[in-house]
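J.: how would this look folded up:
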Amino acid sequence: MFKRLGLLYCFLLSSLSFLTAQEIIETQTDSAVSDTIIVQQDKPLNRPEVTEDEDTLKYYGARENGLFTEYSEVDFRPVTYSQLYRPLGRPRYPMARSSNIGLALHSYQVSPQRWSLHYIQGGYLPYILTADSMRYYDVSRPVTILNYENGEKSEQYFSVFHSQNLGEGLNISFEYERITSNGFFVRQLTNHTRFHTTYNLHSKKNRFKSRGYFGISHLEAQENGGIYIDSVNQETDNPALLGVNLFEAQSRSRGRVLSARNSYQLVKFGQDTSRGALQIYHQISWNRSWRNFDDVVDPANPYFTDFFLDSTQTADTSKAEVLRHAFGIQLDNNIELGFIISEYNYFQNFFINEDFSSQHFLVAWQDSLFAHRFRARLKKGVSGYHQEDLQLNAAVSGKVKSLAYGAFFDLENNVVDYFTLKHRTNQHFFSNDFEATTYLNAGIRLSEDRSGVGLKVQLQSLGNYVYFDENAKLMQLSEDIQSINVSLNKEFVFLKHFHLMNKVHWQSISNEEILPMPSLFSYHSLYYDNFFFKNSLHMQIGFDAFVITEYSGYAYSPEQGQFYLNNSGQKLGNIQQVDVFMNLGVTKNGRLFVKMENLLEPTYSQASERIYQYPVPGRALKFGFSWKMIN
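T.: Just a heads-up that it's a prediction; the model follows:
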């Protein structure tokens, strides 16, 4: 009942915000024409002047993180890197993926264990929309962007984005995405749908502000349990004749996010209405994660060895849900004091139906001195399930002549997800007593404008690390794991039109048996770039290369959706993937790419596996286009 009332309150509050905007809509005035998209935030934002003739649709990207948000200006749907079509960011390092688009994957970079509500999604977590996925916009004219990519085996990605201002103080935006593939190998069909919408509102004098979002993620995938060479057919040229471990299994995932944040300036500071000496805020958010795994057991060739509920079939359902209230005060856009109340529900196969709560307090500060910016943030659990939570983050950044720098420090203590302590599914029925995981992180970032060199050096220490052992069972390591991480970015331009982009990541891990990641992986792009027909056609032709050194890696547990230690003795990696591509920018609005992916590999190669028994398809033709429409 409490959660339903909270959701009703969220809906009514959002409705009230839109009613408040009615005056703004009615007093809409004609503004200067500009193709600029800006993510709104509570901190004042200087809007760059963009002429109508510029082929730039730009926005400032920022995470949903209250007052103190990081933002940066980037081109929206640029020609460069159009060939990196997967919805995972671009340019990017190679990732450990299991075949075609939409299947489970993981990053190669060492990262902290920050326990998300979506922990149960495992390898499908990158496809789930979260608060970090949300962006807020401010556009002078309505803008719509259509995007479509297609590849072999009906591999498709379609998206439509629209953003529109209703007056000077209200923007509404939405994006719809569809990801589908029949699969390059047997039983790897994927069918994903994602949709999210955001609104951003402020009153005429900026005293009242409101922003919110709603997002849904609907994921479906067949699970084949891995691929191997059939001992009877011995056929590798025809993927349909390769053996698979599961023939009837499938996973389905759902994600829901809903939030509304409202703030009001109690005291204004001088004549600058964009700043408030003192403001109060309240945010209500609801988040839900759901996963189902179904499989019919083949008695002649059983894949699973443990059955706790039913030896003939598996039908596991897990759900995690949280309703959260955050409220506090903000002083002159420099200091924030807040308190967070969270109500959780965890459900699994009717054996688990647990309700609990957590309370946190939050203190954040930021300021600048001589163009150097200082930030600090403390979030601490005070009671409830997450009482031992602690996140202390500090950073300083600035620029000295052409050298931009940043230094950061993180100290964290994160209570593990409830499903790591108690699990009741057909193949995994256990209880654990795990300690909170710890994380210590320090490093620097450097970026030099003249040379274009970017460098990041990072030292990490992970304590009480939770992992899945070689039997896909959860374990906790008592010893700390240390890692040294170095990232280097550099783009070379030579002979006026040739570009060579390089992103190299090196890491040294103290315990590679528990974190079996490659020590070196990189992305390189060599291409010819030029304009033709009075700059109406922008063309890029070149090669992409992804390099991954040898490592032990992980196997994949389809019933859990998680990665566990590979105990086969087979080494993974030692991969050099080469793609050839052509990108075209037609007039100011059209984008087109054609590429041949994984040019050097046959249809099937065991050496292409980045996850044990999950090969990456060989040569495959891809193409895609996007079109930007500005009214």
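J.: Report the contact partners of the spatially closest residue to Asn574 that is not a sequence neighbour.
T.: Closest residue in space to Asn574, ignoring its immediate chain neighbours: Glu550 at 4.5 Å, by CB to CB, 6 or more residues apart in numbering. (Each C-beta comes from the backbone N, C-alpha and C, glycine too.) Contacts for Glu550 were tallied using CB atoms under 8 Å, 6 or more residues apart in numbering; they are 518, 571-574.
J.: give me phi/psi at Glu550?
T.: With angles defined as degrees, to the nearest 10, Glu550 sits at phi -70, psi 140.
J.: which ones are touching Gln476?
T.: Listed by CB under 8 Å, 6+ apart, the contact partners of Gln476 are 432, 434-435, 464-467.
J.: got these as JSON lines, with secondary structure, pLDDT and distance to Phe543 columns?
T.: JSON lines is the format used below for those (DSSP: H, G, I helix; E, B strand; the rest coil; pLDDT from 0 to 100; distance: CB to CB, whole Å):
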{"residue": "Asn432", "secondary structure": "coil", "pLDDT": "96", "distance to Phe543": "48"}
{"residue": "Phe434", "secondary structure": "coil", "pLDDT": "97", "distance to Phe543": "46"}
{"residue": "Glu435", "secondary structure": "coil", "pLDDT": "96", "distance to Phe543": "48"}
{"residue": "Asn464", "secondary structure": "coil", "pLDDT": "97", "distance to Phe543": "44"}
{"residue": "Tyr465", "secondary structure": "coil", "pLDDT": "97", "distance to Phe543": "38"}
{"residue": "Val466", "secondary structure": "strand", "pLDDT": "97", "distance to Phe543": "40"}
{"residue": "Tyr467", "secondary structure": "strand", "pLDDT": "97", "distance to Phe543": "37"}
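J.: ok, the residue lying closest to Val416 once chain neighbours are set aside - how many residues close by?
T.: Nearest non-adjacent residue to Val416, counting by CB to CB, 6+ apart: Phe434, 4.9 Å away. Applying other CB atoms under 10 Å, we find 15 residues neighbouring Phe434.
J.: Hmm, Phe434 is touching Gly463, no?
T.: No. Applying CB atoms under 8 Å, one finds Phe434 not in contact with Gly463, separated by 11.9 Å.
J.: The stretch 501-631 of the chain: helices as residue ranges?
T.: Applying DSSP state H, counting those that start in this stretch to the stretch 501-631 of the chain gives no helices.
J.: where's Ile340 relative to Gly381, distance?
T.: Going from Ile340 to Gly381 by CB to CB, to the nearest Å gives 9 Å.
J.: Can you check which residues contact both of those two?
T.: Jointly contacting Ile340 and Gly381 under the rule CB under 8 Å, 6+ apart are 359-360.
J.: Packing partners of the strand or helix carrying Gln156?
T.: Using DSSP states H and E, Gln156 sits in strand 155-165. Counting contacts by 3 or more CB pairs under 8 Å, 6 or more residues apart in numbering; DSSP states H and E, strand 155-165 packs against strand 143-151, strand 170-181, strand 620-630.
J.: Can you say which of these is nearest to Thr80?
T.: Among the helices and strands packed on strand 155-165, strand 620-630 comes nearest to Thr80, with 13.2 Å by CB to CB.
J.: That closest one pairs with which strands, and in what direction?
T.: Strand 620-630 has the following strand partners under DSSP bridges: strand 143-151 (antiparallel), strand 590-597 (antiparallel).
J.: Need the CA coordinates for the first one. PDB is fine.
T.: So that's strand 143-151. Extracted in PDB, the C-alpha atoms of strand 143-151 (Å, rounded to 0.1, in the frame of the first residue of the first chain):
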ATOM      1  CA  VAL A 143      14.100  17.800 -33.300                       C
ATOM      2  CA  THR A 144      13.500  14.200 -34.400                       C
ATOM      3  CA  ILE A 145      16.300  11.700 -35.100                       C
ATOM      4  CA  LEU A 146      15.600   8.300 -36.800                       C
ATOM      5  CA  ASN A 147      18.300   5.600 -36.700                       C
ATOM      6  CA  TYR A 148      18.400   2.200 -38.200                       C
ATOM      7  CA  GLU A 149      21.100  -0.500 -38.500                       C
ATOM      8  CA  ASN A 150      20.900  -3.900 -40.200                       C
ATOM      9  CA  GLY A 151      23.200  -6.900 -40.400                       C
END
